[in-house]
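Enquirer: Predicted coordinates and the sequence they were generated for:
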Amino acid sequence: EQVRQGEIAQFEWISRRPHSDEEFDVEVTLRHVILDGQDRIVASMRDVSDVKAAKAEKERIQAQFQSFLKHSPAMMFIKDTEDRMRLMSEAYGHTFGQSPDLTIGKTTAELVGAEQAVPIVENDQQVIQSRQSITFEETVPLADGEHTFLSVKFPIEDESGSVYGVGGISTDITDYNETAAARTESEKRVRRLPRNIPGLIYQFKLTPDGRMMFPFVSSACEDLYGYTSEEIYKDSSLILNAVHPDDAAAFSTSIEQSAQTLQPWVWEGRMISRTGELLWVRGQSRPERLADGSILWEGLLIDISDQKTAEAALKKSEQKFRNIVETVSDLIYLVDIEGNLVYLSPRITDILGHSTDTLIGQPFMPLVQPDDVPLCHRAIQSVIEADQKIFGIEFRARTTHGNWVNLSANLAPFFDESGEVSLIIGSARDITTAKHAAEQLRDYADQQTLLNQITRDIRQSLKVDIVLKTVLQLLFDQMKLDWCGFAWYDP
């Protein structure tokens, strides 16, 4: 309808790739055109999965950065070239007794006063004009008196290399007796900041002629790979060649794709340290194109070896559990609180003839004989509401051939992390043969009882009519007959 009214309609849907059943996001655009003199609607479609993934990654990184600003004990800020506050950490706002949200857009003079702002603004301009990082001692009046801050300030550049602001990290050194000692300690804290981040912080640069280098690598590289920052700075191949041979192709491809698309680089693979230790590493960074055509990635490498070891152990444990479940003679199953089947061991095929794929996600009750449904329903509710286990509940279930099989089942609650019952785990055993055998034993016992009774009555009376009457009455009662008689034929 939008297109008929002359508008361009655009919407998204989720599609499925052929052969793999992988779902992906599609953006559809509809336009009105005149083709061969007739009105037509032309649809164009494009895969936006990567775009949406990149957007989600960007939002995640932004959320991480905001969390970093909120929880970092360091006083950090960014101001534009007009001296207006554009970003600050929670610690910075608390120092001045103001919420960071309320200080955004304010000048230094509005925060500390016009007179005290003069040297601070001059320092900012010196950083902007020199395009270098400079350390200053700055005095600021606060509620409890004047405080001296050691501020490390640095220029903020855009993609074209133009300076659009100044950033800084400030440390309150008022309580230090010696200014020189205070400066040394503050600089140490600034240098230690990358060490306290769980991972290796780095800058990776790819020049237009294909050269690769690491302009910056935090000291964590020595703990992770065994190489010092200086060694990696001089020879980037120490890191690049540390990638496991089986993962090298994927590593190179990921860098090439990120460079071509300028989309975030995310990679997970194995690397070999200086000592030959095998490491699992996860890397992520965001690229930007510099004025000279180079591409610079700034990001983080994290050692995930322990995580991979835990995943392997969990997978092995799950496989061990699955092997046990799939080899026991009983049927093992999981049912959610809505009564839908979540898991079935392969034994289901031997007992009822169904394959697991056809039943997973389906309701459990349609398999149960209608007369036994209330019993099963009460048992499930008891497990959910009373958190109790139930043993030996018997019911009948339908096979794929339409026959009924007698099952004896045990039920137990499965609790989630909050302590609520999320699933019901149980086992079931085919007792059809046992039930038939029990019924045959009961029939045999009834027949034996009848013969014993007839024998006793015959012994008590030798009259034929009384014997026959007794036999007929016993047959009538024991076998629950509608009619019983006796006849003979004498040829």
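Expert: Thanks, I have it. The shown structure was predicted, so the numbers you read here are calculated from the model rather than taken from an experiment. Numbering: from 1, shown residues only.
Enquirer: show me the contacts for Ile128.
Expert: Contact analysis of Ile128 by Cβ atoms under 8 Å, 6 or more residues apart in numbering lists Thr81, Pro155, Val163, Gly165, Val166. For the C-beta atoms, the positions are set from N, CA and C on the backbone; glycine is no exception.
Enquirer: Show me which pair in those is furthest apart.
Expert: Of all pairs drawn from the contacts of Ile128, the one with the longest distance (Cβ to Cβ) is Thr81 and Pro155, at 9.9 Å.
Enquirer: More neighbours: those two, which one.
Expert: A count of neighbours by other Cβ atoms under 10 Å puts Pro155 above the other of Thr81 and Pro155, at 20 against 15.
Enquirer: Next, find the distance separating the closest residue to Ile302 other than its chain neighbours from Gly283.
Expert: Leaving aside its sequence neighbours, Ile302 sits nearest to Gly199 (Cβ to Cβ, 6 or more residues apart in numbering; 4.0 Å). Distance, Gly199 to Gly283, by Cβ to Cβ, to the nearest Å: 9 Å.
Enquirer: quick one: which of those two has more around it?
Expert: Comparing Gly199 with Gly283 by neighbour count (other Cβ under 10 Å), the higher total belongs to Gly283, at 22 against 19.
Enquirer: Can you tell me which of the contacts of Ile128 comes closest to Asp235?
Expert: Set against Asp235, the nearest of the contacts of Ile128 by Cβ to Cβ is Pro155 (29.0 Å).
Enquirer: How about the secondary structure of that closest one?
Expert: Three-state call for Pro155 (DSSP: H, G, I helix; E, B strand; the rest coil): strand.
Enquirer: In contact with it, which residues?
Expert: Taking Cβ under 8 Å, 6+ apart as the criterion, Pro155 is in contact with Val127, Ile128, Ser130, Arg131, Gln132, Ser133, Val163, Gly165, Val166, Gly167.
Enquirer: beta partners for it?
Expert: Per DSSP bridges, the residues bridged to Pro155 are Val166.
Enquirer: Wait, a helix at Ala54?
Expert: Yes: according to three-state DSSP, Ala54 belongs to a helix.
Enquirer: which one is it nearest to, not counting chain neighbours?
Expert: Gln263 (5.0 Å).
Enquirer: same question, Ile232
Expert: For Ile232, the spatially nearest residue (Cβ to Cβ, 6+ apart) is Val217, at 4.9 Å.
Enquirer: Is that neighbour bridged to anything, and to what?
Expert: Residues in beta-bridge contact with Val217 (DSSP bridges): Tyr202.
Enquirer: For it, grab the count of nearby residues.
Expert: With neighbours defined by other Cβ under 10 Å, the count for Val217 comes to 26.
Enquirer: isn't it right next to Tyr202, touching?
Expert: Yes: at 4.8 Å, Val217 counts as touching Tyr202 under the criterion of Cβ atoms under 8 Å.
Enquirer: Any of the contacts of Pro155 buried? List them.
Expert: Buried subset of the contacts of Pro155 (neighbour count, 16 or more other Cβ atoms under 10 Å): Val127, Ile128, Gly165, Val166, Gly167.
Enquirer: Quick check: the farthest pair among those residues?
Expert: By the measure Cβ to Cβ, the buried ones among the contacts of Pro155 have their two most distant members at Ile128 and Gly167, which lie 10.9 Å apart.
Enquirer: before we move on, back to that, can you put the contacts of Ile128 in CSV and add distance to Pro208 and pLDDT?
Expert: Converted to CSV, these look like this (distance: Cβ to Cβ, whole Å; pLDDT from 0 to 100):
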residue, distance to Pro208, pLDDT
Thr81, 29, 90
Pro155, 24, 92
Val163, 23, 90
Gly165, 27, 92
Val166, 29, 93
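Enquirer: show me what contacts Gly145?
Expert: Gly145 makes contact with no residue, according to Cβ under 8 Å, 6+ apart.
Enquirer: Tell me the confidence at it?
Expert: Here the pLDDT value assigned to Gly145 is 81.
Enquirer: Next: Ile348.
Expert: 86.
Enquirer: Check which helix or strand it maps to.
Expert: helix 347-352 (DSSP states H and E).
Enquirer: how about the CA coordinates for that helix, as PDB?
Expert: Presented in PDB, the C-alpha positions along helix 347-352 are these (Å, rounded to 0.1, in the frame of the first residue of the first chain):
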ATOM      1  CA  ARG A 347      15.600 -46.600  23.900                       C
ATOM      2  CA  ILE A 348      12.400 -44.900  22.900                       C
ATOM      3  CA  THR A 349      12.700 -46.500  19.400                       C
ATOM      4  CA  ASP A 350      13.000 -50.000  20.900                       C
ATOM      5  CA  ILE A 351      10.000 -49.500  23.200                       C
ATOM      6  CA  LEU A 352       7.500 -47.500  21.200                       C
END
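Enquirer: May I see the buried residues of it?
Expert: Neighbour-count burial for helix 347-352 flags Arg347, Ile348, Ile351, Leu352 (criterion: 16+ other Cβ under 10 Å).
Enquirer: Redo those residues as TSV? Include distance to Glu7.
Expert: Converted to TSV, those look like this (distance: Cβ to Cβ, whole Å):
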residue	distance to Glu7
Arg347	59
Ile348	54
Ile351	60
Leu352	56
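Enquirer: Run through the neighbouring helices and strands of the helix or strand harbouring Val471.
Expert: Using DSSP H and E, the secondary-structure element containing Val471 is helix 464-478. Counting contacts by 3 or more Cβ pairs under 8 Å, 6 or more residues apart in numbering; DSSP states H and E, helix 464-478 is packed against helix 432-460.
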